[in-house]
Structure formats: C-alpha cells, structure tokens
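S.K.: coordinates for the following, if possible.
(one chain, ligands or ions: 1)
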Amino acid sequence: EDGYDLWLRYAPAGQARGTDISAHARAISAQGDSATMASAKQELQRAVTSMTGHAPALTTEPTAGSLWLATPGSAPAIPVSLKGLGAEGYAIRSIDHAGQPITLIAANSDIGILHGIFHWLRLAQTGASLDGLDIRSAPRIGLRLLNHWDNLDGTVERGYAGQSIWDWWRLPDYKGPRYTDYARANASIGINGTVLNNVNAKAESLSAPYIAKAAALADIFRPYGIKVYLSVKWTAPMELDGLKTADPLDPKVAAWWKAKTDEIYRAIPDFGGFLVKANSEGQPGPQDYQRTHADGANMLAAAVKLHGGIVMWRAFVYAHDNPDDRAKQAYDDFKPLDGKFADNVMVQVKNGAIDFQPREPFHPLFGAMTKTPLMMEFQITKEYLGQSTHLTYLGPLFKETLDADTYAKGKGSTIAKIIDGSLDGHRLTGIAGVANIGIDRDWSGSIFNQADWYAFGRLAWNPDLSAEAIAREWTAMTFSPDPRLIDPVVAMMMGSREAAVDYMTPLGLAHLMATGHHYGPAPWVSELARPEWNPVYYHKADADGIGFDRTKSGSNAISQYAPAIARRLADPATTPESELLWFHHLPWDYRLKSGETLWDGLVHRYDRGVAYVAGMQRTWESLRPLVDPERFAQTEAFLAIQHREAQWWRDASIAYFQSINHLPLPEGAQAPAHDLNWYKARSFPYAPGHN
Ligand SMILES: CO[C@H]1[C@H](O)[C@@H](O)[C@H](O)O[C@@H]1C(=O)O
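M.R.: Okay, here's the model as predicted:
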C-alpha cells in the first residue's frame, strides 16, 4: 500500500460484507452513454469488483438487486422527486421496482449521478447499511475549487508532496493516467473546479501553448464535472504582447484581455474564469496605475462575462506600507469597494487576516462586505502546520472558521452562511482550497495529509458536516471500517491541530515560524527589511509582557469586527483564551482562567502539545496489527519526526521567551534541552527550501 488510491481503495470487504454489497450491486442499470455516465459505470464496476470479487452486470433496464442510475433524460418515470437537487445533487433511494428491490441513484444531470455513485460507494466502503436508503444531497456552495500554486517550471509554491502533477512539458500531447485519477478523487468529494497555476503567476500561462495544455486537462476533467480556471499576471498584456501599460481603464488593455479571453474560450468552451493576486507581495496590479482593485476586477469581468466566466479577486494584499498592523490591510483596502464589483466577480478572502496560521481569528472582511460575494480561501497544504510530516488534521480548523459567528446580521451570521450566499442573498458562491497535491506516490506528502484534501471537499459540499464525521469516513475508507482502528485514529486526528497550536503558537500567538520556509520556530528574528516579516512584530514580547495589542490602545483592529464582537474583544477577560495574545498585550503575570500566570500557562501549553504527539505515537504503535506495513511505517516515522520537532518548537520558544522575561519555569516543567544560541544557530532539519 503506497497511498496512491487515496480514499478510493475499495479494499476487499470480507465475506459477509462482500455478499451484502454484491446483493445491492448485482447489476448497474443505466441508459445514458455520455462520458460522465461511462465514468460512473466504470467506477462502480471497478469498486464493486474490488470489494466483492464479483463484477456487476451492465443492463439498460433496472433488474433485481441493481443500482439504477437515472436522469430525466435517460429514464422517463423516476419514482423520486428531483426538485431542489440542482445540476449537481442527487437522490439515493431503496425502492421496490415491479416487485424487485433496487437502489435508485437519480439526478437531474449525469454529473449528479456521478456524485451519487460516489456517495453510495462511500456507504459501501464505510460499512454503512445499504438498505432502506433515502438520501437527498445537493451542494450548499456553488464553486468548490482547488487552487494549485503550481509553477510552469514544475515546482509547487508551498508544496510538500514533490513536483507539480501537471506535466507541462509533455502536455498537451501526453495525457497521463494520473489526471484521470485526480479527476476521480476530486469528483468523489464534489470538487468542481481547479485553478491550474500559481497565483504568483507567470504571463506565459496565458500564451497559446499553455492554453492548449490547459485545454487538454479541461478535456480530461470535463466528464467529471470539473472546470479549469487560470491565475493571471496583471502585466500579461505588456509581457506577452508589448503593450505600454496594464492600466485597467486603458481601452487597449481591455481589448487585449477581451481578445485573450476569446482565445481561451475557443480552446476551452466551459473555461471557468480567472483568479488574480494583484498588488500583493510584489505582484503588479491596478494600483500601480492609481486604479482600484474593483477597476481591475471589473475590466476582467467584462471580458469573461459573455462566456459565462467569473473573476476571483484575492483580498490577500499587503503591498504598501502598513506600519501599525498588517492584519488590518485587506479590510482597509476592500471594505470601501463593497458594492463596486461587477456581478461576476467574487472576492476571495483567506480564513484569517494574516496568513494561514495554526489558529487565526476569522477574517474581519467576512460580514463586512455584504454586497459582494465572498469566497473562502483555505490552505490545504500545511505551510504553517508542519508541512509533510506533522500529523495535524485540518478538519477542525476549517470548521472553526465556517462556524464562526460574524454577528453581521445579528447572532447566527456564521461564515458558512456568508459563503453559501444565504445570509446576504448571493447566487454566486464559492470556496477554494490551496491544494496539497504533488507527484509523490501518496499525492499529498503523507497519508494523513490526504484527509485534509478530503475534508476540504466534503465541507465545501456541506459546511454543516462535522470534522469528526468526516474523519471517520476518511479513516474507514483509507484504512478500514474496523472500529478498533477508526476510534483511536479519529481521536488522534481530532486533537492534532490543537496540539500543533500548543507546541507552535499557543494562546493566540502567530507567525513565529522562521522566515522563508515557515516550518520551524524563529521567534527571535527581528532584523528583516519589512517589519511584518519579523516574528517579533507579531509577539511583541518584552520584559513586561507579550502579545499584539489590537484594541483601541493599540492598532484597534478589533474595530473591523461587528460591534458585538469588538466589545467582547476589547477586554482580555471576555476574549477567548485561544485568541488572547492575538488581541492583547498582557503582563507575564496576567492570570488565566485556570488561575495560573500567563507565563506558566504558556509553558504548560507547550508541554501539552509535545505530550499530545507522544500520545499519538503510542496510539499508532498500538495499531500496528491493523495497518499494512508500508503505511504504518510512514506514519510511525513521521510521528517520530513530529515529536522531535514539537520538542524543538517548545524548547526554542521557551528559551527565547525566557531570555526576555527571565522568569523561572513553572514547577515540574523541563528546561529546554539547549540554550537559545543552539536553536538560533540551526535551521529545522526537515525544512524544505523556500521557493
Ligand atoms: C502564493 O504566495 C503565498 C506565499 O508563498 C505564502 O507564504 C503566503 O502564505 O501567501 C502567499 C499568497 O497567498 O499569495
């Protein structure tokens, strides 16, 4: 087992369960013959055969014990209502058809059928009952996209699973089988779009050869209901065709984009649209021409509009000087533009205002731009959460943000309701996850990182699912539905992200990672050219205390939240302790709810994080008999690395903070293994190079 099959392993189900699955899949009955329908049938055949050892027959009419795939176009009278299922949803129902037990999988479209068969296969794989089914499911969010930060040279920015899976050199001629497996995996969790290239884009990605390569991928993904999108570089008209300017209000610039867009749609008739990172981290953008983000977005939006395309404009900006608080910039730049964007523009906002930290309070733009459809951007790749080795399941992180209450329209104004459009009445809705995919055999750099890709897709389809239920499904499909395995693995996953918060950045601390690789700790760094690249800028530790004052006496970033929240955050006593030092600068002897001092509480959390990892090692060891040797060994090795590094994080952080506050460690706490200079002199052993 090398992890290549992801959660689509279809492992032999054992005698009794195999017979049960066979009895419900004696045949696959379907009339449609589209490429999508063919993929659905193929997937079922492959899965059922692999789980049961028996290949289901293929019939056109439903027969006893068959899986009946039916759309209004292919089957005249479907005994289930398809109302409300939209173009992608499905219904699954156990029915009696002319005296025969049959499982009906019905949808308005073939893509809906494909989603439906994957649901049924999930039931089959996780040991769920296949009788008495009455399921209806439709996605809550319209656009459910992966964002690849893949470069044209084959590297992946912040990628920890090897080189890019896009074989740009041999595309469009060679279409390797991995692309189809990629599409199957994504379709199985409801992903319906993919942005192929890095937001730090090269102009060449829009040149004719690359359009042809993108078109080849689009052809492969189309039957799986997945559209292709591209990131664009703002100055592409200058770089590719020598225009003198990229001013969005210059008619020649607009005409260039219109022509370029038409060219793309000739090659990819269902092209999804553009993703743009502008005026951020050195990228060019409309502000270089004294225009706004809205001017830029709307010019592109006009170009794709007739084709039904969209523009996703990122709110991750920090280009100009923002001396008092980087966390405020996106709001300051974008809030005034609310209502100024064309109706096919979405603003894509990271879950937090800084940058994919182990924990961040939700981004204040959520709830603040009611006239603009906001798209969520999560990071599936774990830039700040241990990358390819640390086991830190992201389901709870995603959920924490989706469930966060913005109070924008009173209590219950959750972020899930903002991005699904229901709170503000938007029809265009979307969510993006920065992919963790590369050419590693296991796709994601580790077996457990696959769970983050899986969880992202499942939550994009239905943000109300629980992180735990998702972990259970994933574990059952990835390892085995044996409860002796599922219970401990899921328990281990569920606490793992909090453990990383504990050993990296407890109590609301953030961005203490070494500059560049963002992997190991470097809270001491303070000399970099830009203040907001320095860990000291974020923790502001001095002899008296620690934390970033974002109240009125500080940067007043809390004023960007709804009054009900801002009031709560104004006072450390009513600020959630998990976000304490994000919002407040507090004395080292500040009393936590537990009664211990802030300093002691900090040290205890570091200890707790390290101890949790040791606990995961013990749990995993106890599962040795239940896991295949290859996947067992990978996780065993990675947990050992994680333990060593959690310890390193703890010791380096404590040594550094102690060098500032000169306080003794709380009773019973272990002293750091080395002195501060030892940590300063070393970079983290497994940190990949910054690209
Ligand atoms: C693509 O660039 C990334 C950059 O590597 C990363 O460190 C930061 O998280 O955010 C940037 C962004 O989101 O644009």
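
S.K.: burial count for residue 495?
M.R.: Using other CB atoms under 10 Å, residue 495 has 16 neighbouring residues. Placement of C-beta: from N, CA and C, glycine included.

S.K.: ok, for it, nearest residue in space, not its chain neighbours?
M.R.: Residue nearest to residue 495 in three dimensions, not counting chain neighbours: residue 612, with 6.0 Å by CB to CB, 6 or more residues apart in numbering.

S.K.: what pLDDT does the model give that neighbour?
M.R.: What the model reports for residue 612 is a pLDDT of 98.

S.K.: for the one helix or strand it maps to, buried residues please.
M.R.: If you go by DSSP states H and E, residue 612 is part of helix 598-622. Neighbour-count burial for helix 598-622 flags 598-607, 609-610, 612-613, 616-617, 620 (criterion: 16 or more other CB atoms under 10 Å).

S.K.: spit out the contact partners of the residue nearest to residue 495.
M.R.: 495-496, 498-499, 502-503 (CB atoms under 8 Å, 6 or more residues apart in numbering).

S.K.: show the subsequent helix or strand relative to the helix holding residue 612.
M.R.: Taking DSSP H and E, what comes next after helix 598-622 is helix 629-661.

S.K.: ok and that next one relative to helix 598-622, angle-wise?
M.R.: On the basis of axes from the mean of the first three to the mean of the last three CA atoms, to 10 degrees, helix 629-661 is oriented at 170 degrees to helix 598-622.

S.K.: quick check: mean pLDDT of helix 629-661?
M.R.: 98.

S.K.: check stretch 8-25 too.
M.R.: Average pLDDT, stretch 8-25: 97.

S.K.: so which bits of it are buried?
M.R.: Going by neighbour count (16+ other CB under 10 Å), the buried part of stretch 8-25 is 8-11, 13, 17-18, 20-22, 24-25.

S.K.: near the ligand, which residues of the stretch 201-350 of the chain are found?
M.R.: Contacts of the stretch 201-350 of the chain with the ligand, taken as CB under 6 Å from any ligand atom, map to 277, 281, 316.

S.K.: next up, the contacts around the first one.
M.R.: Meaning residue 277. Shown in contact with residue 277 (CB under 8 Å, 6+ apart): 199-201, 231, 283, 314, 316.

S.K.: one more time with 10 Å, if that's ok
M.R.: Counting by CB atoms under 10 Å, 6 or more residues apart in numbering, residue 277 touches 198-201, 231-234, 283-285, 312-317, 348.

S.K.: next one: the last one
M.R.: Under the criterion of CB under 10 Å, 6+ apart, the contact partners of residue 316 comprise 199, 277, 280-281, 329-330, 348-350, 353-356, 363, 377.

S.K.: measure it to residue 535 for me?
M.R.: Counting by CB to CB, to the nearest Å, the gap from residue 316 to residue 535 is 20 Å.

S.K.: quick check: residue 12 is in a helix.
M.R.: No - counting by DSSP: H, G, I helix; E, B strand; the rest coil, residue 12 is not part of a helix but coil.

S.K.: could you find the closest non-adjacent residue to it?
M.R.: When the adjacent residues along the chain are set aside, residue 12 lies closest to residue 51, with 6.3 Å between them (CB to CB, 6+ apart).

S.K.: what residues sit buried inside the host helix or strand of the one you found?
M.R.: Element membership of residue 51 [criterion: DSSP H and E] is helix 35-52. Neighbour counts over helix 35-52 (16+ other CB under 10 Å) mark 36-37, 39-41, 43-45, 47-48, 50-52 as buried.

S.K.: now those residues in JSON lines, with pLDDT and distance to the ligand?
M.R.: Listed next are the buried residues of helix 35-52 as JSON lines, based on pLDDT from 0 to 100; distance: CB to the nearest ligand atom, whole Å:
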{"residue": "36", "pLDDT": "98", "distance to the ligand": "33"}
{"residue": "37", "pLDDT": "97", "distance to the ligand": "38"}
{"residue": "39", "pLDDT": "98", "distance to the ligand": "32"}
{"residue": "40", "pLDDT": "98", "distance to the ligand": "35"}
{"residue": "41", "pLDDT": "98", "distance to the ligand": "39"}
{"residue": "43", "pLDDT": "98", "distance to the ligand": "33"}
{"residue": "44", "pLDDT": "98", "distance to the ligand": "38"}
{"residue": "45", "pLDDT": "98", "distance to the ligand": "40"}
{"residue": "47", "pLDDT": "98", "distance to the ligand": "36"}
{"residue": "48", "pLDDT": "98", "distance to the ligand": "41"}
{"residue": "50", "pLDDT": "98", "distance to the ligand": "38"}
{"residue": "51", "pLDDT": "98", "distance to the ligand": "40"}
{"residue": "52", "pLDDT": "98", "distance to the ligand": "45"}
